[in-house]
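Undergrad: I'll drop the sequence and a predicted model, then ask my questions.
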Amino acid sequence: MEDTKAIASSSAIPDRDGDTSLATNISHADGLSEDAWFDDDCDNDLELHNEWKLRREKFYTDGYREGIIEGQKDSAQQGFNLGFKDSVMVGYKWGIVRGVTSALAHIPDELKKKLVEEEEVRQEFLNLHDQVNAITTDDALKLYYDKIKREKSEDQNNSINSDPSLTQPSDCIGLETYVGKLELLIKKIPLDKC
């Protein structure tokens, strides 16, 4: 009976933590210690727990980072779509103004006289071409941006001041001004010449 019961070892061997308590050093009659299998499972459980913790933190961090990046992409795409929608027609019309005035400025004088009979109107076309040609792409973008800021400011002022007579008219030249000038000049050309 004594061989099947666990007996306390008189020479306690410290475990990894330096613990020499009898509970961790119980020996069986066959000479096997209970901490032999217990320590292996404990180490394995601790390793699994630490690995799980590290992976959880890594996946959490990676998922958070990917979520932020995707959110930024979506936000940037929405901003681009709105900006494109608002600006595409302005850019298109600006391109027409540049193209028509450049074409008229560079054709031979005989052809100019046939297309636009009045010298004054021809000179207005050339002046418009010079004005448009002096505006760089960066300047055109700045004009458009200033127009957007001005409109936002006017909208805010209109919401604060319900009386439209309190808002001051702006004398700023925008890209639309050049489009309007071209349209007026084209109207001065007889239809049979167009």
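TA: Done, it's in.

Undergrad: need the longest helix for the chain.
TA: If each helix of the chain is counted by residues according to DSSP state H, the longest one is helix 35-106.

Undergrad: buried ones in the next helix or strand after that helix?
TA: Read in the C-terminal direction, the helix or strand following helix 35-106 is helix 109-115, with elements assigned using DSSP states H and E. Buried residues in helix 109-115, defined by neighbour count with 16 or more other CB atoms under 10 Å: K112, L115. The C-beta positions use only the backbone N, C-alpha and C, and glycine is treated the same way.

Undergrad: C-alpha coordinates for helix 109-115, PDB please?
TA: Below are the C-alpha coordinates for helix 109-115, written out as PDB (Å, rounded to 0.1, in the frame of the first residue of the first chain):
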ATOM      1  CA  ASP A 109      -4.100  86.800 -92.200                       C
ATOM      2  CA  GLU A 110      -6.100  86.200 -95.400                       C
ATOM      3  CA  LEU A 111      -8.100  83.500 -93.700                       C
ATOM      4  CA  LYS A 112      -8.700  85.600 -90.600                       C
ATOM      5  CA  LYS A 113     -10.100  88.400 -92.800                       C
ATOM      6  CA  LYS A 114     -12.500  85.900 -94.500                       C
ATOM      7  CA  LEU A 115     -13.700  84.500 -91.100                       C
END
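
Undergrad: got the contact list for it?
TA: For helix 109-115, the external contacting residues (CB atoms under 8 Å, 6 or more residues apart in numbering) are L104, I107, R122, I189, K193.

Undergrad: ok so, going back, now for the longest helix of the chain, which elements pack on it?
TA: Using 3 or more CB pairs under 8 Å, 6 or more residues apart in numbering; DSSP states H and E as the contact criterion, the elements in contact with helix 35-106 are helix 119-133, helix 137-160, helix 175-187.

Undergrad: looking only at pLDDT, what's the mean for the shortest one?
TA: Looking back up the chat, that one is helix 175-187. Mean per-residue pLDDT for helix 175-187: 91.

Undergrad: who touches that helix?
TA: Helix 175-187 has contacts (CB under 8 Å, 6+ apart) with 90, 93-94, 96-97, 100-101, 121, 124-125, 128, 131-132, 140, 143-144, 147, 194.

Undergrad: buried only: go through those residues for me.
TA: Applying the neighbour count, that is 16+ other CB under 10 Å, the buried entries in those are 90, 93-94, 97, 100-101, 121, 124-125, 128, 132, 140, 143-144, 147.

Undergrad: name the nearest of these relative to L54.
TA: Each of the buried ones among the contacts of helix 175-187 was checked against L54 using CB to CB; the closest is Y144, at 51.7 Å.

Undergrad: verify the stated contact: that closest one with S87.
TA: Yes: A contact is recorded between Y144 and S87 when judged using CB atoms under 8 Å, the distance being 6.5 Å.

Undergrad: tabulate the contacts of helix 109-115 (CSV), appending neighbour count and distance to E57.
TA: Formatted as CSV, the entries for the contacts of helix 109-115 read as follows, by neighbours: other CB atoms under 10 Å; distance: CB to CB, whole Å:
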residue, neighbour count, distance to E57
L104, 18, 68
I107, 12, 71
R122, 19, 75
I189, 16, 73
K193, 9, 76
